[in-house]
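# Fold the following and give me the result.
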Amino acid sequence: MSIFGKLLGGGLGWALGGPIGAIIGFALGAVLDDSGNVMKVTNTKQRTSKGDFSASLMILIAAVLKVDGKIMKNELDYVKAFFVKHFGVETAKEQLLFLREILKQDIPLEGVCNQISANMEYASRLQLIHFLFGMSKADGEVVKAEVDMIGHIATLLGISSGDFHSIKAMFYNDTDRDYKILEIEKSATNEEVKQAYKKMAIKFHPDKVSYLGEAY
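Predicted coordinates:
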């Protein structure tokens, strides 16, 4: 399989245009110049594909990594571990090469997020935010600059405040975290807790992103 074959598996549709397409083109061009391999890209229908999601994720990962001016090894290891587990060692290497080139670029974050919001389903956008928090917490803590950046990204992606704080609470240990995750008050009744749990189970049900494949 040609380089980035699995990265772009399922094709790239809407991500080939706009600011995301420009970033992808620059990054892949730089890598392919070094490797001499030929990249094959299959254009897809407008619906979000694996390639669209992966490319969007890597660009947002770069935006968070760059925000505090230093790239932490633990955070890169988190990204690598995810792709090794779900796609294999070779794809993980390709992803990190791709990420390395993206990190060299200035990311037009608002344009990127606007493109994602216009084309990606809400459930998939929630998964982007969840992954970003997981990566940021890989070194044991999420620094304020990273939290602020993820919050900014969430706002640009049209993520509701309730959903953002719910996901954020999954990565912070405090006495109220379970209530924050469920988006309810501490005074909630048992019935309200049950209803909140059912609502959350529906919101994050795997079927919501099943078209991206089991890994996501």
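# Could you tell me how far residue 49 is located from residue 13?
5 Å (CB to CB, to the nearest Å). (C-beta placed from N, C-alpha, C; glycine too.)
# try residue 185
42 Å.
# More neighbours: which of the two?
More neighbours surround residue 13 than the other of residue 185 and residue 13, with 18 against 10 (other CB atoms under 10 Å).
# For the nearest residue to residue 72 once chain neighbours are set aside, report the pLDDT, please.
Leaving aside its chain neighbours, residue 72 sits nearest to residue 139 (5.0 Å; criterion: CB to CB, 6 or more residues apart in numbering). For residue 139, the pLDDT comes out at 74.
# What separation do you get for residue 139 and residue 128?
20 Å.
# Centre of the chain to the lowest-mean-pLDDT helix or strand in the chain, how far?
In the chain, no helix or strand scores lower on mean pLDDT, DSSP states H and E than helix 177-182, which sits at a mean of 74. Taking CA atoms, centre = their mean, to the nearest Å, one finds helix 177-182 lying 22 Å from the centre of the chain it belongs to.
# which regions of this protein sit below the pLDDT cut-off?
Applying pLDDT under 70 to the chain flags residues 1-10, 32-46, 174-175, 208, 211, 215-216.
# rewinding a little: didn't the residue nearest to residue 72 look like it was pressed against residue 75?
Yes: Residue 139 is within contact range of residue 75, at 6.3 Å (criterion: CB atoms under 8 Å).
# who's more crowded, these two?
residue 75 (20 against 15).
# in a helix, that's where the more buried one is, yeah?
Yes: the assignment for residue 75 is a helix, going by DSSP: H, G, I helix; E, B strand; the rest coil.
# Which parts of the chain are strands?
Read by DSSP state E, the chain holds no strands at all.
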